[in-house]
Structure formats: C-alpha cells, structure tokens
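Novice: Structural data only, the sequence is not supplied:
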C-alpha cells in the first residue's frame, strides 16, 4: 500500500516579517498594494495566519506609521547632532529635515502624515511619538530662552478658543512628561495659536511640494520654503533684519 507523504511544516510567520513585507510593498508599489492577502502571498502563508498579530489591515498600517515615524526620528536625531546647540537653529533644522524626509520618503510621509487614518488621532497625540518629542524639545528650548512675538489673545477667533485650550492642555502635559524645563505660563493661548499656524504653513508647503500641487510651476521650491522659514522667524521675533 502506498504511504501518504508527510505534510510539510507551515512557514513560521513573525510580526517583524509581516511588517517588513508590508513596508516593502508600500515603499515599492504604493499603499494600494498593501493588503493582507498580498502580504500573506509574499510570506507563503494564508491570510488568516496574519490575524494572530493583527486583527485588521488598519491596525497593521498603524504599526507601520509608528515604525516610519521612529525611523524618521532616528535620522533626524543624527542630523541634529551636527547642528549647533541653539533652539532656533535646531527648530529650523527640524523643519528642513521634515521637508527633506517627506520628499525622499513620499509614500511613508503620505501614510504617516497625509492619510485618512493618520488624521483620526488628536494633534496632541503626535507629541508622544518620536518626531513629536524632538520637535517639542526644540520648541521648549525656544520658549524658555527667547521672547516670542505671539498673536494677542483678542485676535484669536472665539470659535477656536475651546479647541486651543484642549491643545494647550495636551502640550503642557507632553512638555511635563518630556522633562522640558521652561516657564509654563509662556505657553499661553497666543503661543498655542501661533504653533498651530506654524504647523499649518510648514505642513501645507511640504504637502503641496510632495504631491506636486503648487498653483504655479517652480524651478526651485526650496527657495520658497526657505523664504517661508524666514518669514516665520521674523514673525516670531526670532530673526531680525
């Protein structure tokens, strides 16, 4: 009687392997290529085998966001090590590093900063992440050592005040947890409002450049970016003519 062949052992799947394959698919083929079925196919397993680690594709994408953000923070930390230990210089270096990373890692940038899932969390949550902590450290140094020119609280639209108060509370908590030492009273609603405006201009410029959505063609977008940083520095009283 012919004996049946022994069944082979199923491939061992690890969390690290799943994330590695998912990251490769996203970077090389784009977000539409990242599916549980495609990942399973690359790992030579069935899709249900992945549910041991992730209950949905969105939970896996969230982990990828964390991984990409951590890798970006490591790169930015290495770059900042070569920059003078000055709050303003470091803050602008972070802005430049953010743009540079977004342009060279456009698909990772899209997942972390420009996808629907990335917007589900409150803005203050960003400061618990590696990139947020780096930005917060530089901002805390600037707040502690410079007299920032901020909008008058009277200039803040009343409809924004409640949201700004929530954001201010989250920022203060994040600063306290990060060990930053600066007068908490400096982080008033005017500073909070200014931080939102700075982020909107920085993020808006970078996003337009990454996706090629400038309203006019630019031979050198970096010139416009540097002009924006200069304007921000002057508006905050950090740069003088």
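Specialist: That came through fine. Owing to the predicted nature of the structure, the values given are computational and were not obtained by experimental measurement.
Novice: Show me what the lowest-mean-pLDDT helix or strand in the chain packs onto, helices and strands only.
Specialist: Every helix and strand of the chain was ranked by mean pLDDT, DSSP states H and E. The lowest is helix 130-145, at a mean of 81. Contacts defined by 3 or more CB pairs under 8 Å, 6 or more residues apart in numbering; DSSP states H and E place helix 130-145 against helix 57-80, helix 87-104, helix 158-178. In short, each C-beta sits where N, CA and C put it, glycine included.
Novice: Select, out of the ones you listed, the one closest to residue 237.
Specialist: helix 87-104 (10.5 Å; CB to CB).
Novice: For the helix or strand just after the closest one, name the packing helices and strands.
Specialist: Downstream of helix 87-104, the next assigned helix or strand under DSSP states H and E is helix 106-113. Packing partners of helix 106-113 (3+ CB pairs under 8 Å, 6+ apart): helix 15-29, helix 57-80, helix 87-104, helix 189-210.
Novice: In JSON lines: those helices, plus mean neighbour count.
Specialist: Shown next, in JSON lines, are the helices and strands packed on helix 106-113 (neighbours: other CB atoms under 10 Å):
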{"stretch": "helix 15-29", "mean neighbour count": "16"}
{"stretch": "helix 57-80", "mean neighbour count": "16"}
{"stretch": "helix 87-104", "mean neighbour count": "18"}
{"stretch": "helix 189-210", "mean neighbour count": "17"}
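Novice: In TSV, list those along with distance to residue 171.
Specialist: TSV is the format used below for the helices and strands packed on helix 106-113 (distance: least, CB to CB, whole Å):
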stretch	distance to residue 171
helix 15-29	31
helix 57-80	18
helix 87-104	15
helix 189-210	7
